[in-house]
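Engineer: no sequence on this one, just coordinates:
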Ligand code: AGP
């Protein structure tokens with residue numbers, strides 16, 4: 001993760017700070033900038049959120065024309081000032097996103113040569129290596145290229161070189177980077193969203209393509225490509241101003257926004273129908289994702305197998321390529337990602353592509369790397385999601401899978417036309433149902449007050465609600481730091497039941513389903529072990545246990561097909577309220593980042 005930015009412009013400080021603000025979703029452990037002022041590099045770094053850097057620059061403004069900046073998600077070394085970027089050695093200052101895998105070996109080598117390191121980071125070896133080659137009288141380009149040969153790992157680098165050279169360079173390997181030329185400046189960033197308003201023409205460099213930004217504009221400077229023309233794309237990304245309005249947090253805003261998003265899914269853009277895929281020909285679908293997106297994929301498995309009768313494999317992206325999956329002819333691999341930049345998901349996509357598998361992306365950020373690299377791209381239309389904990393992107397992913405399931409079932413004639421019709425009708429009920437849940441948020445607050453008095457808890461659900469239990473537990477962990485684990489309800493008795501006593505509540509996700517009676521038995525088993533029971537479920541289940549008001553949230557009567565989408569909304573609110581009751585920053589929880597661009 002980490003966000004990098006660079007600019008050659010009169011307005012360099014503003015451009016860097018504004019850009020870093022848009023990159024803060026990539027990490028917010030520390031931030032820093034380096035500016036080149038009359039051949040000298042001046043650097044400022046602070047710990048914590050970007051506001052600290054802004055305040056610092058207000059107290060002590062900096063001048064320059066060339067600059068680089070960084071917002072950090074700590075991988076190597078704590079979130080302190082020494083480990084904050086930029087890292088400098090001599091006249092070379094560097095910001096890095098990615099991981100230098102062989103940094104220890106390089107650090108030892110450089111230390112033996114007399115280099116002194118100030119941080120515990122992997123990144124600091126980069127300026128030292130470049131400086132080492134500069135000291136051997138190589139040109140800037142040659143020094144950087146030689147350093148890149150030494151380095152193993154993933155990187156997006158912005159390199160500022162002072163002295164007589166005064167140049168800014170950018171290069172990447174498997175980490176996102178965009179370059180841009182505007183009328184008033186030259187820019188680089190980890191994400192097109194962070195670019196200056198002036199950045200009208202953009203270019204996505206290839207791995208290890210070294211780019212120089214300087215008085216002569218933007219130039220390629222690898223030997224073979226040196227001087228060749230760069231073919232820019234038009235930057236079509238609208239600069240949307242996202243603020244949380246009157247909401248307490250972006251997370252709250254984004255949960256509520258699901259009402260309007262589903263209205264538009266139902267009544268405006270339901271034409272996203274996946275008819276470009278020949279589902280009849282497919283004999284398998286593999287869905288690959290991480291975290292919340294993985295849970296959306298896991299729900300999709302239930303839907304696609306039940307209604308479209310397609311064999312579906314679901315994989316956690318970090319496991320997929322290392323388990324050597326067998327890819328068949330007529331297989332479709334779907335990559336699900338809010339950010340479209342998740343390193344594990346991207347690596348899994350590369351694996352599938354190398355095996356000549358057809359690939360599809362379900363991605364929120366349409367300009368992202370995954371979106372650009374898949375064969376078929378489907379945008380999930382959730383709009384910018386700022387809260388680090390994913391909420392609306394999850395339900396939009398589910399909505400897309402639901403549409404996919406309908407198209408697949410239609411093409412494969414796997415269900416009667418009446419059932420197919422009913423599935424479409426069920427979907428149209430979603431906006432009102434989501435709204436009715438959000439209207440009852442006070443009731444969920446009561447639950448949150450009770451639940452947040454425990455330190456540990458277990459979430460359970462059955463069938464397609466089992467991944468929803470996992471998503472509910474993940475959300476709670478992320479924003480309240482309470483310890484929650486999830487199990488398929490039937491699994492409880494196979495081990496986790498040993499944890500149950502009066503201090504270990506069980507949160508049951510129980511909308512009406514054909515498995516309700518079995519779930520009731522699972523709840524009985526937990527109750528018999530004195531576990532406090534919390535139910536988010538159907539009236540029948542809630543009534544059955546006669547629980548206190550602050551232990552139940554009654555779900556509306558929902559068709560089983562759409563129950564996963566409906567049931568997750570109270571869980572999102574539950575996590576939000578627990579986080580707020582615990583006094584946490586629910587939008588930027590500790591240790592997390594919105595875009596996980598390291599393996
Ligand atoms: C969601 O709340 C999490 N922050 C996280 O699990 C996330 O879903 C995961 O990192 C995958 O991200 P992606 O959807 O952007 O690929």
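Structural biologist: Nice, I can see it. The shown structure was predicted, so the numbers you read here are calculated from the model rather than taken from an experiment.

Engineer: what's the offset of stretch 73-90 from the middle of its chain?
Structural biologist: 22 Å (C-alpha atoms, centre = their mean, to the nearest Å).

Engineer: For that stretch, list every residue counted as buried.
Structural biologist: Buried residues in stretch 73-90, counting neighbours by 16 or more other C-beta atoms under 10 Å, are found at 73-75, 77, 79, 82-90. For glycine as for every other residue, the C-beta is placed from the backbone atoms N, C-alpha and C.

Engineer: just checking, residue 25 touches residue 596?
Structural biologist: No. Counting by C-beta atoms under 8 Å, residue 25 does not reach residue 596; the two are 10.9 Å apart.

Engineer: quick one, which of the two is more surrounded?
Structural biologist: Set residue 25 next to residue 596 and count neighbours by other C-beta atoms under 10 Å: residue 25 wins out with 27 against 22.

Engineer: could you measure the spatially closest residue to the more buried one that is not a sequence neighbour against residue 580, distance?
Structural biologist: Distances taken as C-beta to C-beta, 6 or more residues apart in numbering place residue 594 nearest to residue 25, at 3.6 Å, with adjacent residues excluded. According to C-beta to C-beta, to the nearest Å, residue 594 and residue 580 sit 20 Å apart.

Engineer: Confirm that the residue nearest to residue 25 lies within a helix, as I assumed.
Structural biologist: No. Per DSSP: H, G, I helix; E, B strand; the rest coil, residue 594 lies outside any helix segment and is coil.

Engineer: wait, isn't it in contact with residue 26?
Structural biologist: Yes. With contact defined as C-beta under 8 Å, residue 594 counts as touching residue 26 (6.5 Å).

Engineer: Same drill for those two, tell me which one is more crowded.
Structural biologist: Counting neighbours by other C-beta under 10 Å for residue 594 and for residue 26 shows that residue 26 has the greater number, 27 against 24.

Engineer: what residues does the stretch 201-350 of the chain put near the ligand?
Structural biologist: 290-293, 337-339, 342, 345 (C-beta under 6 Å from any ligand atom).

Engineer: Kindly indicate which of those lies nearest the ligand.
Structural biologist: residue 291 (1.9 Å; C-beta to the nearest ligand atom).

Engineer: count of neighbours near the closest one?
Structural biologist: 23.

Engineer: which SS class is residue 353?
Structural biologist: Applying three-state DSSP: residue 353 is helix.

Engineer: remind me which residues of the protein are low pLDDT?
Structural biologist: Scanning the chain with the threshold set as pLDDT under 70 gives 223, 225-227, 238-242, 268-272.

Engineer: Please, where are all the helices along the stretch 151-300 of the chain?
Structural biologist: Per DSSP state H, counting those that start in this stretch, the stretch 151-300 of the chain carries helices over the ranges 250-256, 258-267, 291-308.

Engineer: Just give the number of residues close to the residue lying closest to residue 477 once chain neighbours are set aside.
Structural biologist: Spatial nearest neighbour of residue 477, excluding adjacent residues (C-beta to C-beta, 6+ apart): residue 484 at 5.4 Å. Here the count is done by other C-beta under 10 Å, and residue 484 has 24 residues near it.

Engineer: my guess is residue 484 is in a strand, correct?
Structural biologist: Yes. Assessed with three-state DSSP, residue 484 lies in a strand.

Engineer: Show me what it is bridged to.
Structural biologist: residue 457 (DSSP bridges).

Engineer: just residue 332 next, same as before
Structural biologist: Residues in beta-bridge contact with residue 332 (DSSP bridges): residue 285, residue 358.

Engineer: Correct me if wrong: it contacts residue 360.
Structural biologist: Yes. In this structure residue 332 lies within contact range of residue 360 using C-beta under 8 Å: 6.0 Å.

Engineer: Need the residues touching each of these two.
Structural biologist: residue 277 (C-beta atoms under 8 Å, 6 or more residues apart in numbering).

Engineer: show me what contacts the residue in the stretch 451-599 of the chain positioned nearest to the ligand?
Structural biologist: With C-beta to the nearest ligand atom as the measure, residue 596 is the residue of the stretch 451-599 of the chain nearest to the ligand, at 4.5 Å. Taking C-beta under 8 Å, 6+ apart, we find residue 596 in contact with 1, 290-291, 339, 341-344.

Engineer: cool, residue 1 as well?
Structural biologist: Residue 1 is in contact with 26-27, 73, 97, 593, 595-598, counting by C-beta under 8 Å, 6+ apart.

Engineer: List the contacts of the closest residue to residue 12 other than its chain neighbours.
Structural biologist: Nearest non-adjacent residue to residue 12, counting by C-beta to C-beta, 6+ apart: residue 67, 4.1 Å away. Residues in contact with residue 67, defined by C-beta under 8 Å, 6+ apart, are 6-8, 12-13, 15-16, 33-36, 160.

Engineer: just curious, which of the residues you listed is nearest to the ligand?
Structural biologist: Comparing the contacts of residue 67 against the ligand with C-beta to the nearest ligand atom places residue 6 closest, at 23.9 Å.

Engineer: ok, the residue of the stretch 451-599 of the chain closest to the ligand to residue 190 distance?
Structural biologist: 13 Å.

Engineer: Quick check: residues of this structure near the ligand?
Structural biologist: So the chain meets the ligand at 290-293, 337-339, 342, 345, 388-390, 478, 592, 595-596 (C-beta under 6 Å from any ligand atom).

Engineer: at 8 Å what do you get?
Structural biologist: Residues of the chain lying near the ligand by C-beta under 8 Å from any ligand atom: 289-294, 317, 336-342, 345, 364, 370, 388-391, 393-394, 474-475, 478, 592-596.

Engineer: circling back to that earlier point, which one of the contacts of residue 596 sits in the busiest neighbourhood?
Structural biologist: That'd be residue 342 among those, by other C-beta under 10 Å, with 30 neighbours.

Engineer: I figured that residue hits residue 318, correct?
Structural biologist: No. Between residue 342 and residue 318 there is no contact under C-beta under 8 Å: 9.4 Å.

Engineer: Now list whatever residues contact both of these two.
Structural biologist: residue 290.

Engineer: Confirm that the residue nearest to residue 12 sits in a strand.
Structural biologist: Yes. Remark: residue 67 belongs to a strand, assigned using three-state DSSP.

Engineer: what's the spacing between it and residue 4?
Structural biologist: 12 Å.

Engineer: rewinding a little: in helices, which of the buried residues of stretch 73-90 appear?
Structural biologist: Residues of the buried residues of stretch 73-90 located in helices (DSSP state H): none.

Engineer: And the residues you listed, which is closest to residue 129?
Structural biologist: residue 89 (8.5 Å; C-beta to C-beta).

Engineer: Let me see the contact set for the closest one.
Structural biologist: Neighbouring residues of residue 89 by C-beta under 8 Å, 6+ apart: 115, 124, 127-128, 130-131.

Engineer: Now tabulate these in JSON lines and tack on secondary structure and neighbour count.
Structural biologist: Converted to JSON lines, the contacts of residue 89 look like this (DSSP: H, G, I helix; E, B strand; the rest coil; neighbours: other C-beta atoms under 10 Å):
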{"residue": "115", "secondary structure": "coil", "neighbour count": "19"}
{"residue": "124", "secondary structure": "coil", "neighbour count": "29"}
{"residue": "127", "secondary structure": "helix", "neighbour count": "26"}
{"residue": "128", "secondary structure": "helix", "neighbour count": "24"}
{"residue": "130", "secondary structure": "helix", "neighbour count": "28"}
{"residue": "131", "secondary structure": "helix", "neighbour count": "20"}
